[in-house]
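Novice: the following comprises the amino acid sequence and a computationally predicted model.
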Amino acid sequence: MSARRSIPRLRRRRVAFAGRIFRVERDTVSLGRGRTATMDVVRHRGSVVLIPQPSRDRVILIRQYRYAISRWIWELPAGSLEPGERPAAAAQRECEEEIGLRPGTVRRLGMFYPTPGFCDERMIFFRCTDLRRPAHPTAGDADEQIEPRAMSVAHAWRLVARGEIIDMKTVLGLTLMESGRGKRPGARRA
């Protein structure tokens, strides 16, 4: 195998930062032919992205303030996996926490890496249907201010076209919803 195609080998790793949701590792790696490089990698336990559909032609989006970009945005509900949590269970939990509805059906549509150049986060997309109010509602995260709103899928696409939906996971989720990927058999009943 040529040096150009060799896989970098870890020489040294140190944790530069460890927080509640992710950690940053600074790795020194061998690239081959005596070359080394420092790689900063964000390690994330993964997340779920929900496409809650109260009906075939409607979707529920949330409006929430995103501190990192200093603005309110419309987006699909999403959340991080808890340690050891199954993605389908996380989808049910997050749906209830963020929009106050529990899905009867959770169907996996796909998994994608949003920023593989520096982060190992996997986003797993789920269509959530058969939405019902839970008998015992759960509280959302204390650091979130969320406003859920059901809207037509056509209206959501108009928000994308007008630049009001700027969140890439939301655009991808709407695309998956309409691409037919959600029509495959094998829905997981809750």
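Specialist: Sure, I can see it.
Novice: ok, Gly173 to Gly32 distance?
Specialist: Per CB to CB, to the nearest Å, Gly173 is found 39 Å from Gly32. Heads up, the C-betas are built off the backbone N, CA and C, glycines and all.
Novice: before we move on, what about Arg9?
Specialist: Counting by CB to CB, the gap from Arg9 to Gly32 is 8 Å.
Novice: so which of the two has more stuff around it?
Specialist: Taking neighbours as other CB atoms under 10 Å, Arg9 and Gly32 compare with Gly32 leading, 15 against 10.
Novice: and that one, what's its pLDDT?
Specialist: The per-residue pLDDT reported for Gly32 equals 86.
Novice: what distance do you get for it to Ser6?
Specialist: In this structure, Gly32 and Ser6 are 4 Å apart, going by CB to CB.
Novice: what do you get for Ser179?
Specialist: Separation of Ser179 from Ser6 (CB to CB): 37 Å.
Novice: contacting residues for Asp27?
Specialist: With contact taken as CB atoms under 8 Å, 6 or more residues apart in numbering, Asp27 is in contact with 10-13, 38-41.
Novice: show me those that map onto strands.
Specialist: Mapping the contacts of Asp27 onto strands (DSSP state E) picks out 10-13, 38-41.
Novice: of the contacts of Asp27, grab the buried ones for PyMOL.
Specialist: PyMOL command restricting these to the buried ones, with burial defined by 16 or more other CB atoms under 10 Å:
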select buried, resi 41
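Novice: just the contacts of Asp27 now: which is nearest Gly110?
Specialist: In terms of CB to CB, no member of the contacts of Asp27 lies closer to Gly110 than Val41, at 23.2 Å.
Novice: so who does that closest one touch?
Specialist: Residues near Val41 by CB under 8 Å, 6+ apart: 24-25, 27, 118-120.
Novice: ok, then the element right after the helix or strand harbouring Cys95?
Specialist: Using DSSP states H and E, Cys95 sits in helix 87-99. Counting by DSSP H and E, the element after helix 87-99 in chain order, helix or strand, is strand 102-112.
Novice: which secondary structure elements does that next one contact?
Specialist: Secondary-structure packing of strand 102-112 (3 or more CB pairs under 8 Å, 6 or more residues apart in numbering; DSSP states H and E): helix 87-99, strand 123-132, helix 168-179, strand 188-189.
Novice: pairing partners for it, with directions?
Specialist: strand 123-132 (antiparallel), strand 188-189 (antiparallel) (DSSP bridges).
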